[in-house]
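Chemist: the sequence and its predicted three-dimensional model are supplied below.
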Amino acid sequence: MNTPPSAAPGRPPHRMDPAGGCPHAANARLLAEGAVTPVVLPGEIEGMAVLGHDALRDFLSHPDVAKGAQHFTALTEGRIPDGWPLRTFATVPGMTTADGADHRRLRALVSSAFTARRVEELRPRVEAVTAGLLDGLAEAARTGDGVADLRRHYALPLPLGVICELLGVDPAHQDRLHRLSSLVVATDTEPAQAVAANRELVELLASIAGAKAEAPGDDLTSALIAARDEGGDRLSQPELIGTLLLMIIAGHETTLNLVTNAVRALCGHREQLALVLEGRAAWADVVEETLRWDSPVSYFPFRYPTRDLTVDGTLIPRGTPVLAGYSAAGRDAKAHGPDADRFDITRTTAAKHLSLGHGPHYCLGAPLARMEAAIALEALFTRFPDLDLAVPESELTRHAGFVGNSVRALPVRPTP
């Protein structure tokens with residue numbers, strides 16, 4: 001049986017807002033009705049979202065759930081246009097759209113760069129970059145009447161600079177890469193703009209890869225090219241470009257939102273900030289609780305059941321595009337207690353979150369993201385312990401789209 005998800009008994013579909021906004025009120029309402037909900041995606045495409053912690057954990061590791069676009073019924077039937085804002089998530093060649101042996105092959109090619117040992121070797125470099133950015137933040141505030149955008153001057157350039165350095169990407173490309181990747185991951189991008197941004201991003205990455213092929217360096221892009229050239233079928237050109245695209249987007253967008261959300265949380269919960277400044281909690285605790293409480297990724301596309309699948313009592317028909325509801329799962333009271341909507345860095349279930357994934361597609365860059373965020377937060381509040389928001393939380397403009405979860409700018413007063 002291939003019943004449309006909108007026909008799920010007693011549960012009207014939730015219409016995903018392409019413009020984004022704060023997800024938590026809607027998440028709470030949806031979770032109260034069950035762990036799985038039908039949704040309407042942009043373009044009137046029917047889908048599902050898994051919201052409950054336990055249901056999502058099981059779904060992410062289920063053997064009959066795939067990532068490959070060939071399992072996306074609406075796509076294979078030709079109902080997904082080129083300018084569909086979520087098309088790149090579904091079709092980009094690489095780890096996020098591969099299954100089985102192909103996924104293991106692609107993951108193995110880059111996994112060595114993100115081991116705990118390799119990440120720890122990056123610590124001095126991350127600390128040095130952070131120190132320089134703090135100087136820049138202070139200067140931005142000095143020239144901005146005491147106010148600076150922490151997202152632009154601090155939370156963004158740290159992870160973007162580190163991932164570009166790992167890949168051997170010239171710093172001159174960084175602003176363009178961020179602008180294009182932001183358009184690609186936004187769910188409110190107009191079709192023509194989405195097509196143009198995706199084409200420009202692919203062309204830029206191909207140009208970067210071409211330059212590395214002619215003049216290899218001691219970087220991950222050169223290593224991936226060598227694997228392609230030496231191994232023959234180990235890495236195709238589209239897979240190379242798709243892997244670079246994935247690593248640049250995932251390597252900075254998630255950490256950018258994580259640091260931004262953590263600063264917002266600490267500024268709004270000064271008693272929690274006091275705990276860590278006084279040494280009664282660790283910066284790693286702040287990172288984990290932020291990941292749980294205000295996940296940097298709200299709804300991540302896509303997974304597809306390869307057969308009709310019942311999840312927590314709800315049928316998800318084969319070929320349905322399913323969103324992983326990380327922001328909802330993080331505040332699921334069944335997993336985190338009746339106060340799941342409260343920010344508490346001493347929470348014993350904080351590390352139980354799913355915000356970096358679960359199962360075969362667990363985030364390869366998790367150790368790097370955690371380290372970058374902990375270093376960034378400790379350095380920031382050590383230098384500016386009284387740092388606070390320059391506007392009320394309610395006046396902050398939310399991220400464009402329902403995939404990323406954060407704000408577009410974070411004006412702060414970094415007073416020593």
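Modeler: The structure has been received and is ready for your questions. Nothing here was measured: the structure is a model prediction, and the numbers come from that model. Numbering: from 1, shown residues only.
Chemist: so where's the chain uncertain?
Modeler: Counting by pLDDT under 70, the low-confidence segments of the chain come to 1-10, 229-233.
Chemist: show me what contacts residue 400?
Modeler: 19-20, 182, 186-189, 408 (CB atoms under 8 Å, 6 or more residues apart in numbering). In short, each C-beta sits where N, CA and C put it, glycine included.
Chemist: in contact with the closest residue in space to it that isn't next to it in sequence, which residues?
Modeler: Closest residue to residue 400 apart from its sequence neighbours, by CB to CB, 6 or more residues apart in numbering: residue 186 at 4.5 Å. Shown in contact with residue 186 (CB under 8 Å, 6+ apart): 20, 85, 400-401, 403-404.
Chemist: let's see 7 Å
Modeler: Residues in contact with residue 186 (CB atoms under 7 Å, 6 or more residues apart in numbering) are 85, 400-401.
Chemist: quick check: longest helix of the chain.
Modeler: In terms of residue count, the longest helix belonging to the chain (DSSP state H) is helix 237-268.
Chemist: would you put the C-alpha positions of the helix or strand following it in CSV?
Modeler: Helices and strands here follow DSSP states H and E; after helix 237-268, the next one along the chain is helix 270-277. Taking Å, rounded to 0.1, in the frame of the first residue of the first chain, the C-alpha atoms of helix 270-277 are listed here in CSV:
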residue,chain,number,x,y,z
ARG,A,270,23.3,34.5,33.0
GLU,A,271,23.0,32.0,35.9
GLN,A,272,24.2,29.3,33.5
LEU,A,273,27.0,31.5,32.3
ALA,A,274,28.1,32.0,35.9
LEU,A,275,28.3,28.3,36.4
VAL,A,276,30.9,27.8,33.7
LEU,A,277,32.8,31.0,34.4
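Chemist: now for helix 270-277, which elements pack on it?
Modeler: The helices and strands touching helix 270-277, judged by 3 or more CB pairs under 7 Å, 6 or more residues apart in numbering; DSSP states H and E, number zero.
Chemist: packing partners for the next helix or strand after it?
Modeler: Per DSSP H and E, the first helix or strand lying C-terminal to helix 270-277 is helix 283-293. Other helices and strands packing on helix 283-293, by 3+ CB pairs under 7 Å, 6+ apart, are helix 237-268, helix 366-383.
Chemist: coming back round to it: any buried residues in the longest helix of the chain, and which?
Modeler: 239-267 (16 or more other CB atoms under 10 Å).
Chemist: try stretch 341-348
Modeler: Quick answer for stretch 341-348 (16+ other CB under 10 Å): 343-345, 347.
Chemist: what does that stretch rub up against?
Modeler: 265, 269, 272, 275-276, 281, 285-286, 289, 293, 331.
Chemist: and which of the residues you listed is nearest residue 412?
Modeler: Nearest to residue 412 among the contacts of stretch 341-348, counting by CB to CB, is residue 265 at 13.2 Å.
Chemist: what does the residue nearest to that closest one when sequence neighbours are not counted show for phi and psi?
Modeler: For residue 265, the nearest residue in space outside its immediate sequence neighbours is residue 343; the separation is 5.1 Å by CB to CB, 6+ apart. With angles defined as degrees, to the nearest 10, residue 343 sits at phi -80, psi 120.
Chemist: may I have stretch 325-342 as CSV, with CA atoms only?
Modeler: Extracted as CSV, the C-alpha positions of stretch 325-342 are listed here (Å, rounded to 0.1, in the frame of the first residue of the first chain):
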residue,chain,number,x,y,z
GLY,A,325,13.4,16.8,13.1
TYR,A,326,16.5,17.5,15.3
SER,A,327,15.2,20.6,16.9
ALA,A,328,12.1,18.9,18.0
ALA,A,329,13.8,15.7,19.2
GLY,A,330,16.1,17.9,21.4
ARG,A,331,13.2,19.1,23.4
ASP,A,332,11.2,15.9,23.5
ALA,A,333,10.1,15.6,27.2
LYS,A,334,9.9,11.8,26.9
ALA,A,335,13.7,11.7,26.4
HIS,A,336,14.8,14.8,28.4
GLY,A,337,12.3,15.2,31.1
PRO,A,338,9.4,17.6,31.8
ASP,A,339,11.7,20.6,31.7
ALA,A,340,13.1,19.7,28.3
ASP,A,341,12.4,23.3,27.1
ARG,A,342,14.7,24.8,29.8
